[in-house]
Every structure is written in C-alpha cells, then in structure tokens.
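Student: the sequence isn't on hand, but the structure is:
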C-alpha cells in the first residue's frame, strides 16, 4: 500500500526513505484505531510502526490474557452457588492447563499475524522496528540494522501511541532478583507456591485474584498506602480487601520492602519462575521467603527514546495534548499523541481507542481542509467521564468522580447509596452481594460519578456512563424503567433513596 512521494528530497546513501500521509508510532489498540480513522474511506497512506507485536500490550500482555485468567474462576464460583448445579461441580478448583490454553488462544500464542493481516486489509502498512522522531514530520525506524535506519516522512501527521512500560523500584536487590512484572503474571506457565505482590492498584489486585484462584498457596500483598485501590470509592475498595482476605490473601498496609535477596537467579523466560527462593525484608524487619515476586507499582510513559528533543521538546518530557490530541509545545498541527503516552487516562484501552478515534477524525479533517466543527473532533470523555471496570472478585465498575474527588473540585454533591439487593441479583446466584452509589451534583441534578461493587457488576456501568455523559437529570432518569427481574433494578433503588 506504500505510495512513495514523487519528490522525496535528498536521500542518505545508508538509509531508505518513504513518505506517507500519516505515520503512527505504536501498534497497540490506540495506534491501530488512529491509523484506521485517519485514512478510512480515503486514498491517504499510513504506516504503523511497531517493534514488538501488532495489537500491543492489551492483546498479548494485559487486558485479554488477564480477563481470560479471571473468568473461569468466576464461572466456577457462580456454579457452586446455584442449587441444582453446585452439587454437580467438582470440589477442586479450575483445570489450570485448560485455563492457560484458553488464555493462549486469545493471545494467539503471542503471534500477531492475524493483526497484521487486519492492518493490511485496512490499507495500513506495518513497519517493524523501533521508531523515534528525527525532526518535523520525520521518523527514523531502527530495525535489524541499527546503523541503517529507515527514514519515514509524513505529509500530514505523526501520531505517538507508544504506551507505557512497567516500573520496577530501585529497592536494594529487587531488580537483580528478576521479579515478575505484569507481563509474566498474565503469561505465567508455572504456578508458584508462594508469591509476594508489591502494590495495591488495579494490576496488583487483579493479579492477586487470579494467582490465588489458579492455586498459589501463600500470597501476600505489600501496600505502601492505607488501603487498596485508593482512587475508587472507599466502600468498593474495602469490599475487595475483605474478599481477598477471605480467600486467604494477606494484605499488609503501610508496608514497603527494605531489601531483597535471591542467591539463585536464572533468566528462565516470560511467565516462569526466575530461580530459587527469594528472601524479602520489609521496613518493619519482617522477613518473608517466597518463590516469586510480582511488582505492580506503576507504569511510566515510553517517551525517553522518542526523540522529542528533535522537535523542540525536552528529551524526557511528559507529553501534553489539547482536546484535538495535538501535542502542545510543537510548532504546527502535525504531531499527535493518544493512549497512555498522552497521560490523560492511563491504563485504559477503551479510553486510548476513544482518543484515537477523535485523533483520526481530526487528522482526516485537517488533511481535507475541513473545519473542526462538532464534538467528534474534541476529546471530552477523559475529563471526568472515564468508565472503568476492575475485574477482581467482587468486581468494581465505576465512571466519573468519587464523592471525595467531586468535593475537592468544588462540587456540592449528594450521594445516593443502596445495596444491590434486587430480584435479578438473587436469581443470578445465591450468594450475590453488592453495593452501589451515585454522586449527584445538586446544582444541576445530574450525575458526576457512579460506583458499583459486587458480583458481575461490570455490565452496569455503561448505563451510568450514558447518564453522566448525557447530563441526564435524575428526574428524567426516574422514567428510565429497569427491566424486571434484572440486576439493573438497582437503579430504581438508588433513585428511591432520594425520595425516602
């Protein structure tokens, strides 16, 4: 699909030179969507540059494999709490080899050929290698021959969609012990008997959940702060903490690692135990021996190798974008950023894809000389309207701001709460538990946030997202009648909480 410019300019004898209308750095979901929307229905050309696998972190190391690991145990738990079914279910846990095989089916054994085929069918050229900016509208791609980069030039736009990488703290002995990061945990091939999970965020909590479900016998979480999941409503975080402890997981709050020792260290490959036992000393002097450490303490945008200094930015600058997803601080409207690297809604594939759709539409409009009229050309959902599901047991589904966040923003809020104790919940399984809260702006009588925690609550959040984005008054929501008997009837209970 490449169409070379008829006058590409001077060419270095040691390089190859190609010109495209649009160049996208990063082949994850955000990059794929930006490329597709920028050229869809047109004759524009686009190159998608990726040094690992087309499909990115989500497809092979994050969303897809993690949910494939979590779901079987959720189904088993539902079956065990359903009369007429529970007594037919094995008392043992899930079939671990079958679960891992199903996960590998979703990740295609980390083979991206089907993603590459899709890209080509969409008119997208896939370029293999590491990419960096090399000046205005110019990208250098380093492949098999580092001394002979391939130079790509863009007529209209360059999009940065390079995501984030896991951060391993500089704790004495930790990096030398070759701890697992999230990629190892989602692609595990061996089930350690004893595991220490470092961190208390989404990745840490989901990882602890499936490791325990898959058979880890002793699992400890070391959490720096006073609670897990500090960015969600406290009642939801507490429900997850209580459940983890009920399942035999030790959660240590206000704890940090002082040092790590692992005399026998081996690089055994992703998802395998990297050597012998690990001794971990905590800041209070406690010493733990485990078989593997999982570090889930955060991620950082991959910007340090992007060549930002060649376009007037600091080499390690944090990228900021406007609502058109145009990078700020760069002359001209040609450089864009979407997804985690843009820093607006981290670790959420759906938000990266949303930004990419807006970005692609903006690029197409500018390329065709059309005005950026209408909301489709501005990203607004990542300003206080972000939905999220945390696939722990119980699940957390939330959108917008917590009550604390809204009050900090100066919003006078009313909080409506109700247990998820409706006929549809009871029918779904005997041990259904859950709680919900709506955060209402008193001045406008509209939602600014909603949180659900409980069994299989992930499908409840989209209705809340529509109500929040659409600024639907609660008086109007009263006439949105939930079907009976479904779990969605909790909406009626929440609205009734105001009438009481």
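Tutor: On my side now, so go ahead. Worth saying up front: this structure is predicted, and the values here are computed from it rather than measured.

Student: where do the strands of the stretch 251-400 of the chain begin and end?
Tutor: With DSSP state E, counting those that start in this stretch as the criterion, the stretch 251-400 of the chain has strands at 257-261, 278-282, 287-290, 292-295, 299-301, 335-337, 387-390, 395-400.

Student: hey, which of those is tucked in deepest?
Tutor: Sort those by mean neighbour count, taking mean count of other CB atoms under 10 Å, and strand 335-337 sits at the top with a mean of 29. (C-beta placed from N, C-alpha, C; glycine too.)

Student: contacts for that strand, please.
Tutor: Applying CB atoms under 8 Å, 6 or more residues apart in numbering, the external contacts of strand 335-337 come out as 34, 133, 157-161, 311, 319, 321, 324-327, 359, 362-363.

Student: I'd like to know which of these are buried.
Tutor: Listed as buried from these are 34, 133, 157-161, 311, 319, 321, 324-327, 359, 362-363; burial here means 16 or more other CB atoms under 10 Å.

Student: next step: those residues restricted to helices.
Tutor: Of the positions in those, 34, 359, 362, 363 sit in helices, assigned by DSSP state H.

Student: show me what contacts the second one?
Tutor: It refers to residue 359. By CB under 8 Å, 6+ apart, the residues touching residue 359 are 34, 37, 38, 159, 324, 325, 336, 338, 379.

Student: among these, which pair sits farthest apart?
Tutor: Spatial extent of these (CB to CB) is set by the pair 38 and 379 at 15.0 Å.

Student: in terms of neighbours, single out the busier of those two.
Tutor: residue 38 (28 against 25; other CB atoms under 10 Å).

Student: need the contact list for the more buried one.
Tutor: Per CB under 8 Å, 6+ apart, neighbours of residue 38: 21, 22, 24, 44, 46, 157, 159, 359, 360, 363, 364, 367.

Student: which of those residues sits closest to residue 183?
Tutor: Once CB to CB is applied, the member of those that ends up nearest residue 183 is residue 24, at 22.6 Å.

Student: point out where the chain drops to low pLDDT.
Tutor: Applying pLDDT under 70 to the chain flags residues 1-17, 500.

Student: and the helices in it, which stretches?
Tutor: Taking DSSP H as the criterion, the chain carries its helices at 29-39, 56-60, 63-80, 96-107, 113-121, 182-186, 202-213, 234-246, 349-367, 403-408, 423-428, 461-469, 474-477, 490-499.

Student: distance to residue 284 for those - can I get that in JSON lines?
Tutor: What follows is the helices of the chain, written out as JSON lines (distance: least, CB to CB, whole Å):
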{"stretch": "helix 29-39", "distance to residue 284": "41"}
{"stretch": "helix 56-60", "distance to residue 284": "35"}
{"stretch": "helix 63-80", "distance to residue 284": "31"}
{"stretch": "helix 96-107", "distance to residue 284": "34"}
{"stretch": "helix 113-121", "distance to residue 284": "47"}
{"stretch": "helix 182-186", "distance to residue 284": "26"}
{"stretch": "helix 202-213", "distance to residue 284": "20"}
{"stretch": "helix 234-246", "distance to residue 284": "19"}
{"stretch": "helix 349-367", "distance to residue 284": "38"}
{"stretch": "helix 403-408", "distance to residue 284": "29"}
{"stretch": "helix 423-428", "distance to residue 284": "41"}
{"stretch": "helix 461-469", "distance to residue 284": "38"}
{"stretch": "helix 474-477", "distance to residue 284": "48"}
{"stretch": "helix 490-499", "distance to residue 284": "42"}
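
Student: quick one, which of those helices is packed in tightest?
Tutor: helix 29-39 (a mean of 27).

Student: might one say that residue 184 is in contact with residue 268?
Tutor: No. In this structure, residue 184 is not within contact of residue 268 by CB atoms under 8 Å, at 10.0 Å.

Student: which neighbours do those two have in common?
Tutor: If you check residue 184 and residue 268 against CB under 8 Å, 6+ apart, no residue is contacted by both.

Student: returning to what we had before: out of the ones in helices among the buried ones among the contacts of strand 335-337, what pair is the most spread apart?
Tutor: Maximum pairwise distance among these (CB to CB): 9.8 Å, between 34 and 362.

Student: residue 47 pairs with what?
Tutor: residue 23, residue 125 (DSSP bridges).

Student: wait, what's in contact with it?
Tutor: Residue 47 touches 2, 18, 20, 22, 23, 24, 124, 125, 126, 127, 152, counting by CB under 8 Å, 6+ apart.

Student: now with 6 Å, please.
Tutor: Going by CB atoms under 6 Å, 6 or more residues apart in numbering, residue 47 touches 20, 23, 125, 127, 152.

Student: burial check on the closest residue to the last one other than its chain neighbours, number of neighbours?
Tutor: Yep, that's residue 152 we're talking about. Computed as CB to CB, 6 or more residues apart in numbering, the closest residue to residue 152 that is not its neighbour in sequence is residue 139, at 4.5 Å. For residue 139, the neighbour count with other CB under 10 Å is 27.

Student: please apply the same query to residue 322.
Tutor: 12.

Student: residue 137 is in contact with residue 154, isn't it?
Tutor: Yes. Look at residue 137 against residue 154 with CB atoms under 6 Å: they come within range, at 4.4 Å.

Student: who wins on neighbours among the contacts of residue 47?
Tutor: Highest neighbour count within the contacts of residue 47: residue 23, with 31 neighbours (other CB under 10 Å).

Student: list the buried ones in stretch 427-443?
Tutor: Buried positions in stretch 427-443, judged by neighbour count with 16+ other CB under 10 Å: 428, 429, 432, 434, 435, 436, 437, 438, 439, 440, 441.

Student: if we can go back for a sec, distance to residue 103 added to the strands of the stretch 251-400 of the chain, as a markdown table?
Tutor: Converted to a markdown table, those look like this (distance: least, CB to CB, whole Å):
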| stretch | distance to residue 103 |
| --- | --- |
| strand 257-261 | 28 |
| strand 278-282 | 25 |
| strand 287-290 | 23 |
| strand 292-295 | 17 |
| strand 299-301 | 21 |
| strand 335-337 | 31 |
| strand 387-390 | 19 |
| strand 395-400 | 19 |
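
Student: and residue 208, which of the ones you listed is closest to it?
Tutor: strand 292-295 (8.2 Å).

Student: counting neighbours, what do you get for the residue lying closest to residue 21 once chain neighbours are set aside?
Tutor: Computed as CB to CB, 6+ apart, the closest residue to residue 21 that is not its neighbour in sequence is residue 44, at 4.0 Å. Using other CB under 10 Å, residue 44 has 20 other residues around it.

Student: residue 44 and residue 68: what is the separation?
Tutor: Applying CB to CB, to the nearest Å, the value for residue 44 to residue 68 is 36 Å.

Student: for residue 80, same thing?
Tutor: Residue 80 sits 20 Å away from residue 68, going by CB to CB.
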